[in-house]
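> When you get a sec, could you give me coordinates for this:
(2 chains)
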Amino acid sequence: MANVNFVLNHTPVAVEGGLNRRLLDVLRTDFGLKGPKEGCGEGECGACAVLIDHRIVNSCLMPLANCEGKDIVTIEGFSETERFTVLQKAYSECGAVQCGFCTPGMILASESLLHANPHPTEEEVRIGLSGNLCRCTGYNMIVKAVLLAAKEGEGLW
Amino acid sequence: MRDISTSVPKTDHWEKTAGTAKYVADLAPEGALHALTFRSPIPHGEIRSLVLPDLPEGYASVDARDIPGKNGVHIIQDDMPVFAERTLRYVGEPILLLVGPDKTVLKRLLSAIRLETVPLEPVFDDRRADVWHHYVKGDPDQAFARAKRIIEYEYQTGLQEQAYLEPQGMIAIPEGDKMTLIGSIQCPYYVKNAVVPVLGCTSDKVRVIQPPVGGAFGGKEEFPSLIACQAAVAARKTKRPVRLIYERPEDIEVTTKRHPARIRLRAAIGEGNVVEAIASDIRLDGGAYLGLSNVVLSRSMIATTGAYTVPNVSCSGEVYVTNTVPTGAFRGFGAPQIFFAVEMFFQHLAKDLGEDPLAFKLRHLAKQGDLTATSGTFRDPILVPKMVKRALEMSDYQNKTRRYSGESPYRGLGLSLFFHGCGFTGSGEATIIKAEVQLRKNADDTVDVLIAAVDMGQGAKTTLAKIVAHTLDLPLDRVRFPYPDTDVVPDSGPTVASRTVMIVGGLLEKAAQKLKARWVSGVAVQLTERYQPPEWIKWDEKAFRGDAYPAYSWGVDVVEVSVDPRTYQVKIEGTWSVYDVGKGIDERILEGQADGGMTQGLAYGYMENMEIKQGVLRQRNLTDYIIPTACDCGPYAVEWVENPFVYGPMGAKGAGELTLIGAAPAVAAAIENAIGRRIRKIPATPESLLELIEYGKR
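Sure thing, here's the model as predicted:
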């Protein structure tokens, strides 16, 4: 069986076969990365989101075959960065975390948004996060957190 | 000392942001088998025959015949079987589990089961009432006989799905004759007390552990007991750990939801346009099994005059049983339905009587010392007039209302007044729950909080530890609140009914005061505190008479909407709320409750639509059951008034449910004012607005 080669959390990896397996299952089962969560399995909720080449992608909709040559970062990899430190502080200060199930995906969506647009307006933050569902907050505290992170992390993105 | 309300970072913040928190689906005990559920395809009928495919080595089926004890899930009414035996009562009712090492193989095996049924006529309407209550206050017959005018309307509310982001899940681990359950739950002891009679074992043989819970909102109050019983039976049979983890479509199809309600309200109007009496008829759809429905109905009935004092009341309520998925607990627990109906009714009464709705409501508002609908007493100060004044200022209500007063301005404001009875209804805390908490002071002068309260996102891990630390004058990091494990913690009751801070937090405060008095540095000590009801709580369960709750939290919501004149899409332009929750234990956590509660409540009023056709749910995932995204939530302005409750910790009352309750009537009233047509049914979706604009009453 052919190997699929990609970079996972800054380390090159090779995964054997099962080309139509969901990236979510590969991450959770083969690599034991439990940060990406399965919330809906249909690409609607964003709890399974990871960064692929710096863009937010629902890993439940990503077949392994399409990962060849990609640079994939999960919350486990991202949580070692300075940008994560700024984001998690802002999330804490704004009360953006309740049950935490959407949080890894939401943090990565925030990173993806700020990477593309380091100085977003509130409207742009709302659109940037609209692929990630949260049921505990009304998003307002998350939106505030992203705006605060953009300010506090000036120059990082 | 710092004010307790001053926010602190949440104690579980790091594990949740860094993604290291292990939820139930993240756990895989050595040798665990997966489990999938085979379910009824029909709403009502009997099993004629069931043929399993040949099961490969290592695979097994588990059904009612494998239950060592009783085939019933213990909750209040124990009417739901763990596995259906012969009669099938709703589409999705569990018949058996298939367990085995490979989920793909299980899916194939599941689709190869051959089931033959004898269909019976399903019931989807309210002809089969299973619970019925009635109570009276004053002399409603005489008030109606003397009335200047009698006005009557009917109100309807729909199903609502909790849609916690983490689907339901349970793991059962057998070790000798002991069974350990780890699950996404709100009530560790509910699960334990349900599994014990099903396994037919003694209480010490069942242990329940709560990992981080990815949201619950009532949806993980009763349902987890069912899957815990199933997983435990499967684990007992196979002698292997069993993981029963739902995927989203299954979760939506078979878990409990908010009761749809049909509420008729009739008012006797006397001199000066005063509401002299209300007669109400409240009907809740319980689905196929009652479970907690009786208590949900009680909460609706008790609030049948809303935030108002009405001297004469006749209230009837019933839960009817249908061949649909069982309904159950959902944040608010019967209150969102009745407050929608009563708030719209008061607005409609005012309009029929040619009065300004706000002035009409304020004239009837309950005051300290008034009798409640159940003839109990509102003992504590009611600050609603002051809260209304503030909400009007914040929202610029009067000016905007004038500005939007044309025929169909497609923009409007709505206002709601509401309360939430905190804690269990009536004498439940004293007679059913009998909560117990423990504090353990270790030799190193740290303190462990030993309680069964669950943090499901609402921040209990932080707020409860904070109450203890504050009382003991300790830094917060010296107080630990580990995830509950029933082998270690006493039964402090379920995490429901906005009771956690007020009741459990109150007990912890008392325990901490005692611990402080006995504090000797370097010496370990453990003490227990048990619930004692305030002696003035008198509640007659049969007559529905007396003090239904020890305390009430109050709220005022103003909502502004615009309605697209072509598509009838509703947009939330802003919300302004003022709440009285006694005393806030952590401002930021409270703000989170307000943010989420408002969003769920608004969506209940205008967005979240769930329908059942011939017993089959038409919404199957988050792609067709639409919940709000970041783009749907406008800015919310929130303020809190302090009104300390003498029996609450530092004066705190309940907060978690209150913030949801007023949103639906406020948004419905705003839409009504925007389109110039009466709304008596939620959700007010664009389709229903189209119908109203064509045919509705002005």
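> List the contacts of the spatially most central residue of chain A.
By CA atoms, centre = their mean, chain A has its centre lying nearest to A:Leu108, at 2.9 Å. By CB atoms under 8 Å, 6 or more residues apart in numbering or on different chains, the residues touching A:Leu108 are A:49-51, A:56, A:73-75, A:78. No exception for glycine: its C-beta is placed from N, CA and C like everyone else's.
> What's the ChimeraX syntax to select whichever of the residues you listed are buried?
Buried members of those, defined by 16 or more other CB atoms under 10 Å in any protein chain shown, are picked up in ChimeraX with:
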select /A:49,50,51,56,73,74,75,78
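> so which helix or strand takes in the residue nearest to the centre of chain A?
Assigned by DSSP states H and E, A:Leu108 belongs to helix A:103-116.
> buried residues in that helix?
Within helix A:103-116, the residues scored as buried using 16+ other CB under 10 Å are A:103-114.
> next helix or strand past it?
Following helix A:103-116 in sequence, per DSSP H and E, is helix A:122-129.
> Helix A:103-116 and that following helix, what's the angle between them?
Taking axes from the mean of the first three to the mean of the last three CA atoms, to 10 degrees, one finds helix A:122-129 and helix A:103-116 inclined to each other by 130 degrees.
> Which helix or strand lies directly C-terminal to the worst-scoring helix or strand of chain B on mean pLDDT?
Here the helix or strand of chain B ranked lowest by mean pLDDT, DSSP states H and E is helix B:428, holding a mean of 86. The helix or strand immediately downstream of helix B:428 is strand B:436-441, counting by DSSP H and E.
> Point out the other helices and strands that the helix or strand following that next one packs with.
Counting by DSSP H and E, the element after strand B:436-441 in chain order, helix or strand, is strand B:447-450. Packed against strand B:447-450 by the contact rule (3 or more CB pairs under 8 Å, 6 or more residues apart in numbering or on different chains; DSSP states H and E) you find strand B:436-441, helix B:460-472, strand B:479-480.
> any idea which of those is most buried?
helix B:460-472 (a mean of 24; mean count of other CB atoms under 10 Å in any protein chain shown).
> ok now it, how far from the chain's centre?
Offset of helix B:460-472 from its chain centre (CA atoms, centre = their mean, to the nearest Å): 24 Å.
> That helix close to chain A?
No - Helix B:460-472 is not in contact with chain A by CB under 8 Å from any CB of the partner chain; minimum separation 10.6 Å.
> hmm, back to that, any idea how far the least confident helix or strand of chain B is from the chain center?
On CA atoms, centre = their mean, the centre of helix B:428 falls 17 Å from that of its chain.
> re earlier: give me the subset of the contacts of A:Leu108 touching chain B.
A:74-75.
> May I see the contacts of A:Leu108 organised as CSV, with pLDDT, distance to B:Pro409 and secondary structure added?
Shown next, in CSV, are the contacts of A:Leu108 (pLDDT from 0 to 100; distance: CB to CB, whole Å; DSSP: H, G, I helix; E, B strand; the rest coil):
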residue, pLDDT, distance to B:Pro409, secondary structure
A:Ala49, 98, 41, strand
A:Val50, 98, 46, strand
A:Leu51, 98, 45, strand
A:Ile56, 97, 39, strand
A:Val73, 98, 49, strand
A:Thr74, 98, 49, coil
A:Ile75, 98, 46, helix
A:Phe78, 98, 47, helix
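> Do you know the pLDDT at residue 111?
You didn't say which chain, so I picked chain A. Per-residue confidence (pLDDT) for A:Glu111: 98.
> right idea, wrong chain: chain B
For B:Ser111, the predicted pLDDT is 98.
> now A:Thr137
98.
> now do B:Ser408
So B:Ser408 comes in at 68 (pLDDT).
> same deal with B:Pro260?
On the pLDDT scale, B:Pro260 gets 98.
> and it, what is it in contact with?
B:156-159, B:284-285, B:327.
> before we move on, the earlier item: of the contacts of A:Leu108, closest to chain B?
A:Ile75 (3.6 Å; CB to the nearest CB).
> okay but that closest one is in contact with A:Pro36, surely?
Yes - A:Ile75 is within contact range of A:Pro36, at 7.1 Å (criterion: CB atoms under 8 Å).
> so what sits against both of these two?
With CB under 8 Å, 6+ apart, A:Ile75 and A:Pro36 have common neighbours A:104, B:19.
> Which residue ranges of the stretch 551-698 of chain B form strands?
Secondary structure of the stretch 551-698 of chain B by DSSP state E, counting those that start in this stretch: the strands cover B:551-563, B:570-580, B:612-613, B:616-617, B:636-641.
> Of all those strands, which one is nearest A:Thr11?
strand B:636-641 (43.0 Å; CB to CB).
> now for the closest one, which elements pack on it?
Using 3+ CB pairs under 8 Å, 6+ apart, strand B:636-641 sits against helix B:384-395, strand B:570-580, helix B:587-606.
> Specify the angle between the longest one and helix B:460-472 in degrees.
Meaning helix B:587-606. 140 degrees.
> Tell me the helices and strands packed up against helix B:587-606.
Counting by 3+ CB pairs under 8 Å, 6+ apart, helix B:587-606 packs on helix A:140-152, helix B:335-352, strand B:551-563, strand B:570-580, strand B:636-641, helix B:658-661, helix B:663-675.
> Contact partners for the residue of the stretch 101-250 of chain B found nearest chain A?
Nearest residue of the stretch 101-250 of chain B to chain A (CB to the nearest CB) works out as B:Gly214 at 3.1 Å. B:Gly214 makes contact with A:37, A:99-101, B:23, B:164-166, B:184, B:456-457 under the criterion CB under 8 Å, 6+ apart.
> quick revisit: mean neighbour count, the strands of the stretch 551-698 of chain B: which tops it?
strand B:551-563 (a mean of 27).
> So that one, near chain A or not?
No - using CB under 8 Å from any CB, strand B:551-563 stays clear of chain A, with a minimum separation of 12.7 Å.
> what about the closest residue in space to the residue of the stretch 101-250 of chain B closest to chain A that isn't next to it in sequence, which SS state?
Nearest residue to B:Gly214, sequence neighbours excluded (CB to CB, 6 or more residues apart in numbering or on different chains): B:Glu166, at 2.4 Å. Following DSSP: H, G, I helix; E, B strand; the rest coil, the label given to B:Glu166 is coil.
> Wait, B:Cys422 touches B:Gly656, no?
No - contact criterion CB under 8 Å: B:Cys422 and B:Gly656 do not qualify, at 9.8 Å.
> which neighbours do those two share?
Joint contacts of B:Cys422 and B:Gly656 (CB under 8 Å, 6+ apart) are B:Ser498.
> so which of the helices and strands packed on helix B:587-606 gets nearest B:Val437?
strand B:551-563 (18.9 Å).
> coming back round to it: what helices or strands is the least confident helix or strand of chain B leaning on?
Partner elements for helix B:428 (3+ CB pairs under 8 Å, 6+ apart): none found.
> in chain A, what spans have low per-residue confidence?
For chain A, applying pLDDT under 70 flags the ranges A:1.
> Domains in it, by residue range?
A:3-75, A:81-152 (automatic domain parsing).
> Need the winner for burial among these.
domain A:81-152 (a mean of 23).
> Quick one: end-to-end length of it, please.
15 Å (CA to CA, to the nearest Å).
> Stretch B:518-530 now?
Note: stretch B:518-530 ends 18 Å apart using CA to CA.
> Now do the buried residues in it.
B:519, B:529.
> cool, stretch B:578-596 as well?
For stretch B:578-596, by 16+ other CB under 10 Å, it's B:578-596.
> related to what we said a few turns ago, could the contacts of B:Gly214 be laid out in a markdown table, adding distance to B:Asp632 and secondary structure?
Formatted as a markdown table, these follow (distance: CB to CB, whole Å; DSSP: H, G, I helix; E, B strand; the rest coil):
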| residue | distance to B:Asp632 | secondary structure |
| --- | --- | --- |
| A:Lys37 | 22 | coil |
| A:Cys99 | 19 | coil |
| A:Gly100 | 22 | coil |
| A:Phe101 | 20 | coil |
| B:Tyr23 | 26 | coil |
| B:Tyr164 | 18 | coil |
| B:Leu165 | 16 | coil |
| B:Glu166 | 21 | coil |
| B:Ser184 | 26 | coil |
| B:Met456 | 23 | coil |
| B:Gly457 | 20 | coil |
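> That's all I had, so thanks and see you.
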